[in-house]
Each structure stands twice: as structure tokens, then as C-alpha cells.
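K.L.:
Need a 3D model of the sequence below.
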Amino acid sequence: MSPAERALAYVTARSVLVPHGCRYWTGALTSDGYAKAVVTAEGRERTVRVHRWLYEQLVGPAPLPASSVVAHACNESLCVNLEHLSGASQRANLAQMAAQGRSAGRAHHGRADTRGPLGRAQAIQAALRDGLDLPALAVAMREGDPRPLVRHALADGYDPSAYLAAVEASDPSAAQLPLF
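P.N.:
Residues are numbered from 1 along each chain as shown. Got it, this is the predicted structure:
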């Protein structure tokens with residue numbers, strides 16, 4: 001098995017794929033809600049953010065330049081689905097976050113989870129502790145999410161199409177026209 005295949009198998013065994021496409025990590029978390037793991041390379045152990053490590057292993061280059069980040073198209077820090085990940089600059093990642101109203105500080109427009117990223121990740125993990133439990137997942141995703149459309153879409157349970165439509169409709173950056 002190649003190193004890339006081993007990395008993918010490792011992540012797949014420690015995550016749950018949910019119907020809306022995210023693959024939620026069920027292992028350890030960083031203090032800001034990202035998936036973390038201890039991996040061994042060339043006889044040395046190191047703690048990694050799983051989404052970045054997986055991207056490096058499967059897409060490359062490994063390691064990514066320190067100035068690069070691996071961004072989540074789904075905006076879920078807990079997600080380790082390679083299809084939701086892309087290389088980006090920190091500037092582009094922060095600009096996307098600000099445009100979507102998910103940043104803290106003066107630019108915050110109330111679209112970030114009120115529990116914080118770690119609280120949201122822990123709630124989702126708790127809902128998936130015994131496997132894919134869609135009603136529990138709906139509650140975990142709804143609680144703390146300040147977006148009315150998202151809360152409404154999850155109020156009667158988990159419907160992946162309704163959830164994705166509500167997330168898209170709640171994104172203020174989708175209505176902005178590029179200036180250039």
C-alpha cells in the first residue's frame with residue numbers, strides 16, 4: 001500500500017461520511033475545532049491537522065509551504081473530505097471567511113456558530129459517537145448556528161438537500177458581484 005493509500009485508509013477509518021458530503025473526523029481535536037492526529041514519518045512522530053496532512057499526502061506537495069493553508073469549501077473545520085479541501089493563501093482564506101460573515105471581531109456579522117468552532121465540532125462528534133445518527137446530527141448542527149434558514153432547514157430533522165440549500169442561501173458573499 002502506498003503512503004497516500006495508507007493516509008486515506010487511516011482517515012476513512014476515523015471519520016464518518018454524512019449525506020451532505022462532509023466526512024467528519026471522530027478522533028482528537030485542536031483547541032479551535034480542527035481534526036488532529038499523531039503521525040509517524042521517517043521514524044519521527046508529529047501532531048498534524050488532519051485535513052492539511054491528508055491534502056499533502058494525496059495532492060502535494062508534502063510538506064506544503066508554510067505560507068499556504070488548506071481551505072474547507074464546506075467551512076466545516078471538522079471535515080476531512082478531500083473533495084472539500086483546496087490549497088489557498090491565508091489571505092484568500094481570510095477574505096472568504098470575512099465575505100461570508102464568519103470572522104470574529106469587528107467584521108463579524110453573526111454567522112459564526114455561537115458555540116465556537118470547538119464547541120460545534122464536539123457537538124457533531126457526540127452526535128456521531130455511535131455511528132451515523134441523522135436526527136442527532138441535525139440537532140448538533142442546528143444548535144448554535146445563528147443562521148435562521150439553516151436552523152429552519154434542520155428543525156424537523158436532517159434533510160441534506162434542504163441543509164445545503166439553506167447554507168447557500170445564507171451566504172452573503174454569494175449575492176456580491178465581483179468588482180473586476
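K.L.:
Quick check: which helices or strands does the lowest-mean-pLDDT helix or strand in the chain pack against?
P.N.:
When the helices and strands of the chain are compared on mean pLDDT, DSSP states H and E, helix 90-99 comes out lowest with a mean of 84. Where contact means 3 or more Cβ pairs under 8 Å, 6 or more residues apart in numbering; DSSP states H and E, helix 90-99 is packed against strand 68-72. C-beta here means a position set from N, CA and C on the backbone, and glycine is covered the same way.
K.L.:
Just want the angle from the strand it packs on to helix 90-99.
P.N.:
If you take axes from the mean of the first three to the mean of the last three Cα atoms, to 10 degrees, strand 68-72 sits at 30 degrees to helix 90-99.
K.L.:
Just the C-alphas of strand 68-72, formatted as PDB.
P.N.:
Output in PDB follows, covering the C-alpha atoms of strand 68-72 (Å, rounded to 0.1, in the frame of the first residue of the first chain):
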ATOM      1  CA  SER A  68      -0.200  28.000   2.300                       C
ATOM      2  CA  VAL A  69      -3.300  26.800   4.100                       C
ATOM      3  CA  VAL A  70      -5.700  24.000   3.200                       C
ATOM      4  CA  ALA A  71      -9.200  25.700   3.000                       C
ATOM      5  CA  HIS A  72     -12.500  24.000   3.500                       C
END
